[in-house]
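Peer 1: need a 3D model of the sequence below.
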Amino acid sequence: MDENGQVLNARYTQKRATDYLRAYCDPGFKVDPPYEDWETELYEQIDDMWDLYRKCLPDVGKAYEELPMEVYKDGVLSGKIKRLMALTGALVHGCRACVLFQADKALAAGAAVEEILEACAVAVSLGGTMGAGETTRVVKFLDEKGLLDEFKRIGRVEGLS
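Peer 2: Residues are numbered from 1 along each chain as shown. Below you'll find the predicted structure:
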């Protein structure tokens, strides 16, 4: 990985993704090397950095915010479905901030953990290693919010294939 935590080879990304999933399913498994703060702290900085950007370019910030407000409202597709679609796109594209933001917005729109994990599965199918690597961020995010405790207890997510 480079100094910014960007994965420089696909094999390493795949190892990190599978290690995280194994640790999730097997509490006795220890990820090596352990995850670093930068791998989970970006989400906490999103709002502050966007506020700073808007102060620098208020007209651009306002114009940018109007589009998502229109796009993500309920229409033929619900806002929840649109957020799950956006999460899948963010995972495949590899946008760390987008992944966490869309996962949080999907939860706020009423998405169940199972729906989020299935959206991640679509991303893994479409994006291969990139989707799998970024999916670990969503699993960590859900885990930090305590939303995977029941799944840890039973050892797997019921209803997902």
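Peer 1: against which helices or strands is the longest helix seen in the chain packed?
Peer 2: With DSSP state H applied, the helix covering the greatest number of residues in the chain is identified as helix 113-144. Contacting helix 113-144 under the criterion 3 or more Cβ pairs under 8 Å, 6 or more residues apart in numbering; DSSP states H and E are the following elements: helix 10-25, helix 38-56, helix 79-93, helix 96-108. In short, each C-beta sits where N, CA and C put it, glycine included.
Peer 1: rank those helices by mean pLDDT and give me the bottom one.
Peer 2: When the helices and strands packed on helix 113-144 are ranked by mean pLDDT, helix 10-25 comes last with a mean of 66.
Peer 1: ok, now how distant is the residue located most distally from the centre of the chain from Glu66?
Peer 2: Within the chain, Asp59 marks the point farthest from the mean C-alpha position, 28.6 Å out by Cα atoms, centre = their mean. Asp59 sits 11 Å away from Glu66 when distances are taken as Cβ to Cβ, to the nearest Å.
Peer 1: sorry, back to before: how far off helix 96-108 does the longest helix of the chain point, in degrees?
Peer 2: Using axes from the mean of the first three to the mean of the last three Cα atoms, to 10 degrees, one finds that helix 113-144 and helix 96-108 are set 120 degrees apart in direction.
Peer 1: now Lys105: closest residue in space, sequence neighbours ignored.
Peer 2: Taking Cβ to Cβ, 6 or more residues apart in numbering as the measure, Lys105 lies nearest to Arg83, with 4.8 Å between them; neighbours along the chain are not counted.
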